[in-house]
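Participant: no FASTA, just this:
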Ligand SMILES: [Zn+2]
């Protein structure tokens, strides 16, 4: 059975925009055992998405050869809203922006670490001063 490609349309957050979650089904709908695989619920954590990217062609090949007895659902990236959360050019989809994660502890709400672990890049924004 060929892979079934599907989308779940999400409510628009801004008029005129759309978002959806893509999912794929391998095997036969309703067949058992059933396996559900998803990745990137914390949208900036992409190793699982990369794994599924490489797994999906293999699942398609197995499906075409009739080697999938049950049903396999794959959601390669499950959080399109988080994927759109950027500060400057830095993806912050899984970052908790709170005082506990800042260098100053003052409630400044941007990430402490740059992606390479060096001192924070404030992206041209003025660093907060003490009250
Ligand atoms: Zn996570």
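Facilitator: Here it is on my side, so go on. Keep in mind the model is a prediction, meaning the values are calculated, not measured.

Participant: in its sheet, what does the helix or strand of the chain with the lowest mean pLDDT sit against?
Facilitator: Taking mean pLDDT, DSSP states H and E as the measure, the helix or strand of the chain with the lowest value is strand 90-91, at a mean of 75. Using DSSP bridges, strand 90-91 pairs in its sheet with strand 86-87 (antiparallel).

Participant: write out the residues of the protein neighbouring the ion.
Facilitator: Applying C-beta under 5 Å from the ion, we find that the chain lies next to the ion at 42, 45. Using the backbone N, CA and C atoms, a C-beta is placed for each residue, glycine as well.

Participant: domains of the chain?
Facilitator: Listed by automatic domain parsing, the domain ranges of the chain are 4-83, 85-115.

Participant: tabulate those (JSON lines), appending mean neighbour count.
Facilitator: Rendered in JSON lines, the data for the domains of the chain read as follows (neighbours: other C-beta atoms under 10 Å):
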{"stretch": "domain 4-83", "mean neighbour count": "14"}
{"stretch": "domain 85-115", "mean neighbour count": "14"}
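
Participant: please read off the pLDDT at the residue of the chain found nearest the ion from the model.
Facilitator: When distances are taken as C-beta to the ion, the chain reaches nearest to the ion at residue 42, 3.3 Å away. Per-residue confidence for residue 42 comes out at a pLDDT of 89.

Participant: thinking again about what came up before, least reliable of the domains of the chain by average pLDDT, please.
Facilitator: If you rank those by mean pLDDT, domain 85-115 sits at the bottom with a mean of 54.

Participant: before we move on, back to that, what helix or strand does the residue of the chain closest to the ion sit in?
Facilitator: Mapping residue 42 onto the secondary structure by DSSP states H and E places it in no helix or strand at all.

Participant: let the chain start at 37 from now.
Facilitator: Fine by me, first position is 37 from now on; the one you just mentioned is residue 78.

Participant: ok, it touching residue 121?
Facilitator: No. The pair formed by residue 78 and residue 121 falls short of the contact definition of C-beta atoms under 8 Å, at 10.7 Å.
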